[in-house]
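One predicted model, sequence on top.
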Amino acid sequence: MKILLTWRRTLLGLAAAGIISQCSAFSLGGAEEAVIIPPPTLDEITQARSETAIFAGGCFWGVQGVFQHVKGVKSAVSGYAGGAADTAQYERVSGGDTGHAESVEVTFDPNQVSYGSLLQIYFSVAHNPTELNRQGPDSGTQYRSAIFTKSAEQQRVAQAYITQLDAARSFDKPIATQLETFNGFYPAEEEHQDFLTEHPTYPYIVINDLPKVAQLKQLYPDRYQDQPVLVKADR
C-alpha cells in the first residue's frame, strides 16, 4: 500500500503533463463486461422533479462518466461518502481507512429516468457488483460497491432489486453491494471532476471506462445521451 500511494503521489505531480492519477494508473487491468439484467420489478413512485442518489462502484471516474451520459440526469459529481467530513480528501481516502468510498452523487429528474432505471444501469454497466472491496485493478474498501440510500423508499427499492437479481442468478456470483446509511457526500477535488471527458486518451480511461460508456449506449440506447452533463460546464 505504501508503494502504491507513493506512486500515486508522484503521478499527482504530473499535472503539467495533463495527467493526474488517483485510480491505480500503473495497474490498468481491463474493462468489465456489461451484464444484461431485467429492470426492477419494484420502482420508486414520486412526484418530485429532482432527486439525488449516491452510488459507489470503484474508481469514480468511470461511474461519473457513465451517469453523465444518461438522459434525465441533471448532474453527476465525483466525491466521497461513508466517512467523516475531515477525512474527505484524496490523500486520506486513498489510505483505505477513512470509511469513505469513492462515490458519485447523481441528481436526476424522476419524470425522465426513475431510480430503478439508474439502479439497472449501475448494476449492469457502471461496475461489477459481485466484487468485494475492489473493482477491476483497484482494491481496498474505498473501492467497494455501495449504495448510500437517502430515503426509506430508496432503501426498499434497492434491497428488493438486489434480492430479485440474486434470486434470478443474474450474475455468476452473489451481489456484494452494501446498502449503507447516508451520512453526507463530499465532492472530490476539481481535477477529478469530468475526468473521463477531459482525458479520453488516458490509458486507465481507455481500458477501464470508455467501454462502459459504449456499453451504456449499446444496451440502453433509449437512456443514452451523447452529450455528457459536465460538472464544469457552467464555470
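In hand now; what should we look at?

could you pull out the helices for this protein?
Counting by DSSP state H, the segments of the chain that form helices are 2-12, 60-67, 90-93, 115-121, 152-167, 195-198, 203-204, 210-219.

tell me what the fourth one is packed against?
Helix 115-121 makes packing contacts with strand 51-57, helix 60-67, strand 101-108, helix 152-167 when contacts are defined by 3 or more CB pairs under 8 Å, 6 or more residues apart in numbering; DSSP states H and E. In this view, the C-beta of every residue, glycine as well, is placed from N, C-alpha and C.

To residue 141, which of the ones you listed lies closest?
The stretch from these with the least distance to residue 141 (CB to CB) is strand 101-108; that distance is 7.0 Å.

Output the below-cut-off pLDDT ranges for this structure.
By pLDDT under 70, the low-scoring segments of the chain are 1-22, 24-31, 234-235.

circling back to that earlier point, which of the helices and strands packed on helix 115-121 is buried the deepest?
helix 60-67 (a mean of 28; mean count of other CB atoms under 10 Å).

Show me what it is packed up against.
Checking 3+ CB pairs under 8 Å, 6+ apart, helix 60-67 ends up next to strand 51-57, strand 73-81, strand 101-108, helix 115-121, helix 195-198, helix 210-219.

chain center to that helix, what's the gap?
Here the centre of mass of C-alpha atoms in helix 60-67, compared against the chain's by CA atoms, centre = their mean, to the nearest Å, lies 5 Å away.

Pull that helix out as CSV, backbone CA atoms only.
Coordinates of each C-alpha in helix 60-67 appear next as CSV, following Å, rounded to 0.1, in the frame of the first residue of the first chain:
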residue,chain,number,x,y,z
PHE,A,60,-15.4,7.4,-9.5
TRP,A,61,-14.0,8.5,-13.0
GLY,A,62,-15.9,5.7,-14.8
VAL,A,63,-19.0,5.8,-12.6
GLN,A,64,-19.4,9.5,-13.1
GLY,A,65,-18.7,9.2,-16.8
VAL,A,66,-21.5,6.6,-17.3
PHE,A,67,-24.1,8.6,-15.4
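
tilt between it and strand 51-57?
Using axes from the mean of the first three to the mean of the last three CA atoms, to 10 degrees, the direction of helix 60-67 lies 140 degrees away from that of strand 51-57.

before we move on, the earlier item: if we compare the helices and strands packed on helix 115-121, which one ends up closest to residue 214?
Of all the helices and strands packed on helix 115-121, the one in closest proximity to residue 214, counting by CB to CB, is helix 60-67 (10.3 Å).

picking up where we left off before, mind checking which of the helices and strands packed on helix 60-67 is nearest residue 37?
Of all the helices and strands packed on helix 60-67, the one in closest proximity to residue 37, counting by CB to CB, is helix 115-121 (6.4 Å).

which residues are in contact with the closest one?
In this structure, residues lying in contact with helix 115-121 by CB atoms under 8 Å, 6 or more residues apart in numbering are 37, 39-40, 42-44, 46, 51, 53, 55, 66-67, 70, 73, 106, 108, 147, 154, 157-158, 161, 216, 220, 223.
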